[in-house]
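1. pasted the sequence and its predicted model underneath.
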Amino acid sequence: MHTPLGPGGTPGGIGPFVAGAALSTGGLYLLFSRVVVSSAGLWHGWFGSHYGAGGSIGATVLPFVTGVGLLFFDGKSRLGWVIVALSLAFMTLEVVSSLRVHFQPTSLPTLLAILGAIGGGIGLMARSFRAS
């Protein structure tokens, strides 16, 4: 009779894996809930630092409009697709680079408990991949 295998094809055990996944997921949630993300304002990141204090919206939007225009003219235009894809990539980069991430003040015992839960969960998951 075939014995069902656990995580990673080993007889390690599904129980420790699920417990470890829950523990590390809970720890990551608690860690990320202490993080505050705010915006410095759109177009104040990469292009804002290159094109003055207010940034230049045209540096990212005009190529997009040009690419869309090319695609409306000829939907199979490779140049149009490349321009649209690159301008969307640069706009995404601009939005992400304008974010500011701050960690809220947290007591040391709380932080150690959160990091311990993450590490313990990862350890339980790793142990479940070994043969018992």
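-> Cool, got the structure.
2. avg pLDDT for stretch 68-80?
-> Mean pLDDT, stretch 68-80: 93.
3. from now on call the first residue 605
-> Right, with 605 as the first residue, what we last looked at is stretch 672-684.
4. contacts for that stretch, please.
-> 671, 685, 687, 688 (CB atoms under 8 Å, 6 or more residues apart in numbering). All C-beta spots, glycine's among them, are computed from the backbone N, C-alpha and C.
5. from residue 689, how far out is the spatially most central residue of the chain?
-> By CA atoms, centre = their mean, the chain has its centre lying nearest to residue 700, at 10.3 Å. Counting by CB to CB, to the nearest Å, the gap between residue 700 and residue 689 amounts to 17 Å.
6. thinking again about what came up before, now tabulate the contacts of stretch 672-684 in JSON lines and tack on secondary structure, distance to residue 694 and neighbour count.
-> What follows is the contacts of stretch 672-684, written out as JSON lines (DSSP: H, G, I helix; E, B strand; the rest coil; distance: CB to CB, whole Å; neighbours: other CB atoms under 10 Å):
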{"residue": "671", "secondary structure": "helix", "distance to residue 694": "12", "neighbour count": "21"}
{"residue": "685", "secondary structure": "helix", "distance to residue 694": "15", "neighbour count": "14"}
{"residue": "687", "secondary structure": "helix", "distance to residue 694": "11", "neighbour count": "20"}
{"residue": "688", "secondary structure": "helix", "distance to residue 694": "11", "neighbour count": "20"}
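7. please name the residues that touch residue 628.
-> 721, 722, 724, 725, 726, 729.
8. show the contacting residues for the third one.
-> With contact taken as CB under 8 Å, 6+ apart, residue 724 is in contact with 624, 627, 628, 631.
9. list the buried ones in the helix or strand containing it?
-> Assigned by DSSP states H and E, residue 724 falls within helix 712-732. For helix 712-732, the neighbour count (16 or more other CB atoms under 10 Å) marks 718, 721, 722, 725, 728, 729, 732 as buried.
10. distance-wise, check the last one relative to residue 724.
-> Per CB to CB, residue 732 is found 13 Å from residue 724.
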